[in-house]
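> pasting the sequence and the predicted model now:
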Amino acid sequence: MDDVRRDPRTDQDRLAALVTVWWEAVDSFTRLLEGIGEDGWRTSTDLPGWDVHAVAAHTAHLEALLAGRPHDEGEVGDAAHLRGAMVSFTEQGVLARRDHTPDALITEIRESATARHARLLADPPTDPSAPAPGAFGAIGWTTELLLRNRPLDVWMHEQDVRRALDLPGNLDSAPAVHTTDYLLESLPYVVAKRAQAPVGSVVRLAVSGHPPATVVVGQDGRGRPAGPGDGEPALTLATDREGFVLLAGGRRAADRVDVRLSGDAALGERVLASMAVTP
């Protein structure tokens, strides 16, 4: 984010790369699920109201939709974690699969993803701004947004399962790097709009394995990548990839993540409290 350059790849190459990352994420996630014992499926995750079975059911639901299968309508109740239309929509898919066996969920994910992958290879997407298919296009998503979001969602949920079952791993894969880079793009918004950093403030976030992201709040109150003339950071945050994803993914609060802070402590607290950008 310090040095923004246009991606030199063609639109089709860029979209094809996203398909490859998503396919890798699905394969890794289903391999993990295959090794879970019977008791592990009812283990709670960091996601309110969802155990391991629910996380797998959610993934099965969305991959089935993308493969062209119908959405599962149903009542979701008024549980505290059901905030917003999209969350309620995805909860319907989870509840529809609450009695499915683990093998059935794994099979559904694999069969749905395989069908979609075959279509994407046979007829590769070329227009990033084209509406996404089905329900995703109906909420305004483009093809590129969908293809960017799917590997993030699948890999994040793999990590939810790994943390729940104390099975750390897959933190250096292509989906892990994609997810972290993607979430780092939210830093200007987090600093300027959510944390309300003063005009002229420079904030740097160093995540291990990634170039530091440095943003400045402009005179218009909006955040942008900082340049050489913007001065030194008033605040620097440093953490590893997992720590950043836990914060940006809304999985854990800052007091449960190893983050090193130097500079403006009050601004640092506001930035950390504002970091979560996924529902």
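Sure, I can see it. Numbering: from 1, shown residues only.
> now stretch 207-215: buried residues?
Counting neighbours by 16 or more other Cβ atoms under 10 Å, one finds that the buried residues in stretch 207-215 are Val207, Ala213, Thr214, Val215. (C-beta placed from N, C-alpha, C; glycine too.)
> what average pLDDT does it get?
Average pLDDT, stretch 207-215: 97.
> what of stretch 262-277?
Per-residue pLDDT over stretch 262-277 has a mean of 97.
> how about stretch 26-37?
Regarding stretch 26-37, the rounded mean pLDDT is 98.
> cool, and stretch 153-161?
For stretch 153-161, the per-residue pLDDT averages 98.
> next up, the contacts around Ala226.
With contact set as Cβ atoms under 8 Å, 6 or more residues apart in numbering, Ala226 has these partners: Asp2, Val202, Arg204, Thr214, Val215, Val216.
> now do His53
Trp41, Arg42, Arg98, Pro102, Leu105.
> could you dump those into TSV and include distance to Ala60?
Converted to TSV, the contacts of His53 look like this (distance: Cβ to Cβ, whole Å):
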residue	distance to Ala60
Trp41	13
Arg42	17
Arg98	12
Pro102	11
Leu105	5
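> which pair in the residues you listed spans the largest distance?
Arg42 and Leu105 (13.2 Å; Cβ to Cβ).
> more neighbours: the two, which one.
Shown here are Arg42 and Leu105; by other Cβ atoms under 10 Å, Leu105 has more neighbours (22 against 10).
> and that one, helix, strand or coil?
Classification of Leu105 by DSSP: H, G, I helix; E, B strand; the rest coil places it in helix.
> so how far is Phe29 from it?
For Leu105, the distance to Phe29 equals 11 Å [Cβ to Cβ, to the nearest Å].
> so how far is the helix or strand of the chain with the lowest mean pLDDT off the chain centroid?
Within the chain, confidence by mean pLDDT, DSSP states H and E is lowest for helix 85-96 among all helices and strands, at a mean of 82. Averaging C-alpha positions (Cα atoms, centre = their mean, to the nearest Å) puts helix 85-96 17 Å from its chain's average.
> of the buried residues of stretch 207-215, which belong to helices?
Using DSSP state H, no member of the buried residues of stretch 207-215 falls within helices.
> these two touch, right, Leu18 and Leu147?
Yes - Leu18 lies in contact with Leu147 (Cβ atoms under 8 Å); the separation is 4.0 Å.
> what's the neighbour count on the nearest residue to Asp258 once chain neighbours are set aside?
The spatial neighbour of Asp258 that comes closest, neighbours along the chain excluded (Cβ to Cβ, 6 or more residues apart in numbering), is Gly243 at 5.4 Å. Counted with other Cβ under 10 Å, residues neighbouring Gly243 total 20.
> these two touch, right, Gly243 and Val257?
Yes - counting by Cβ under 8 Å, Val257 is a contact partner of Gly243 at 4.6 Å.
> what about stretch 203-220, how long is it end to end?
End-to-end span of stretch 203-220 (Cα to Cα, to the nearest Å): 17 Å.
> so how far is it off the chain centroid?
19 Å.
> which residues does it contact?
Contacts of stretch 203-220 with the rest of the structure, by Cβ under 8 Å, 6+ apart, involve 1-3, 172, 177, 180-181, 184, 187-188, 191-192, 197-202, 223-227, 230-231, 233-241, 244, 267, 271.
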